[in-house]
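Participant: Sequence and predicted structure are below.
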Amino acid sequence: MRPQPFRVTEVQRELDDVVTLRLAAEDRTPLPFRPGQFNMLYAFAVGEIPISISGDPSRPDALLHTVRRVGAVSTALAQLERGAVLGLRGPFGSHWPVETERGRHLLFVAGGLGLAPLRPAIYRALARPADYAGITLVLGARSPREILYAWQLAGWAAAGAMKIHVCVDHAGPEWGGPVGVVTSQFPRALDGIAPDRVSAFLCGPEIMMRHGCGDLEHMGIHPERMWISMERNMKCATGLCGHCQFGAEFVCRDGPVFRYDRVRRLLGIREV
């Protein structure tokens, strides 16, 4: 429960309000993690928030966290410069089961900043593409200017191991790609792929994940082959405070990655 000191070794600006912090433990000890897990980051004299790990799990020495300025703590973290020190607890939570889905077609679906928690799973899959029948990423953003990791998407596409479909909600004349919600890209992304061979991993706003899983289920993908990542009111990261209770589950302890069939009913209840 005690935050350990980590130093900011690099700051990369991703979007106007989003940065990626590269962190290293003060004692230089790498911090192993699994794709989908999160850490609690503490900005001294401000507070602590959960942030998903967004880097390559094969590089625990290069610990990455992508942060959007929203509240007081995230703003303080996003304003840190190289050499600054913050507190860190973790890693916590469940993970994306990409390794158990070998032999299947992996479908990653990200809305907005949801690509950050998915990126470690994508790194893991792209490290061994021959283990899978195929890898597809469907990404939605509000506008072309808000496409996260645009520089990396181009590299992934050029490498050819993963098919990428990007759409935006709103666009000007400079955008030549699809316009619409991310779920509108499913028929094109899954064209010619047998639904019973697909394993889907979704991360983004809850409404996107709820409709996305519903559409994928309607297309024939089984709920037991879909996973989502929740981000609800996590405070302690151990399930003790109860802030993130979701039915009988605690998001920080039992999640943040849940198999869709475990939470499908709760996602459809507005009061929960």
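Facilitator: Everything's here; your move.
Participant: show me where pLDDT drops low in the stretch 101-250 of the chain?
Facilitator: The stretch 101-250 of the chain contains no residues with pLDDT under 70.
Participant: which ones are touching Pro117?
Facilitator: Pro117 makes contacts with 36, 38, 52-54, 203, 229, 256, as judged by C-beta atoms under 8 Å, 6 or more residues apart in numbering. C-beta: built from backbone N, CA, C; applies to glycine.
Participant: please redo it, this time with the cut-off set to 7 Å
Facilitator: Pro117 makes contact with 36, 52, 54, 203, 229 under the criterion C-beta atoms under 7 Å, 6 or more residues apart in numbering.
Participant: wait, what's in contact with the third one?
Facilitator: With contacts defined as C-beta under 7 Å, 6+ apart, Ser54 is in contact with 20, 64-66, 116-117, 119-120.
Participant: Distance to Arg104 added to those residues, as a markdown table?
Facilitator: Shown next, in a markdown table, are those (distance: C-beta to C-beta, whole Å):
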| residue | distance to Arg104 |
| --- | --- |
| Thr20 | 30 |
| Leu64 | 27 |
| His65 | 29 |
| Thr66 | 27 |
| Ala116 | 24 |
| Pro117 | 20 |
| Arg119 | 20 |
| Pro120 | 19 |
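Participant: from those, which would you call buried?
Facilitator: 20, 64-66, 116-117, 119-120 (16 or more other C-beta atoms under 10 Å).
Participant: List the neighbouring strands of the strand ranked longest in the chain plus their orientation.
Facilitator: Ranked by residue count, the top strand of the chain under DSSP state E comes out as strand 4-15. Paired strands of strand 4-15, with direction, are strand 18-25 (antiparallel), strand 85-92 (antiparallel) (DSSP bridges).
Participant: Figure out which of those strands is closest to Ala159.
Facilitator: Of all the strands paired with strand 4-15, strand 18-25 sits nearest to Ala159, with 20.5 Å by C-beta to C-beta.
Participant: What lies in contact with that closest one?
Facilitator: Contacts of strand 18-25 (C-beta under 7 Å, 6+ apart): 4, 6-14, 31, 54, 62-68, 77-78, 80, 88, 113, 148.
Participant: Stretch 237-251 now?
Facilitator: With C-beta under 7 Å, 6+ apart as the contact definition, stretch 237-251 has outside contacts at 40, 50, 89-90, 92, 230, 232-235, 252-253, 255, 263, 266, 272.
Participant: if we go to 6 Å?
Facilitator: Contacts to stretch 237-251, defined as C-beta atoms under 6 Å, 6 or more residues apart in numbering, come from residues 40, 92, 230, 232-235, 252-253, 266.
Participant: buried subset of the residues you listed?
Facilitator: Buried by 16+ other C-beta under 10 Å: 40, 92, 230, 232, 234, 252-253, out of the contacts of stretch 237-251.
Participant: Just flag the most distant two among the residues you listed.
Facilitator: Pairwise distances across those peak at 16.0 Å for Met40 and Met230 (criterion: C-beta to C-beta).
Participant: Run a quick neighbour tally on His10.
Facilitator: His isn't right for residue 10; it's Glu. Applying other C-beta atoms under 10 Å, we find 12 residues neighbouring Glu10.
Participant: Give me the number of neighbouring residues for Tyr260.
Facilitator: Burial of Tyr260 is recorded as 24 neighbouring residues (other C-beta under 10 Å).
Participant: those helices in the stretch 51-200 of the chain, which residues are they?
Facilitator: Listed in chain order, the helices found in the stretch 51-200 of the chain under DSSP state H, counting those that start in this stretch are 72-78, 115-127, 150-159, 186-189.
Participant: picking that back up, of the contacts of Ser54, which is the nearest to His218?
Facilitator: Nearest to His218, judged by C-beta to C-beta, of these is Pro117 at 24.9 Å.
Participant: excluding its backbone neighbours, what's nearest that closest one?
Facilitator: Ser52 (3.8 Å; C-beta to C-beta, 6 or more residues apart in numbering).
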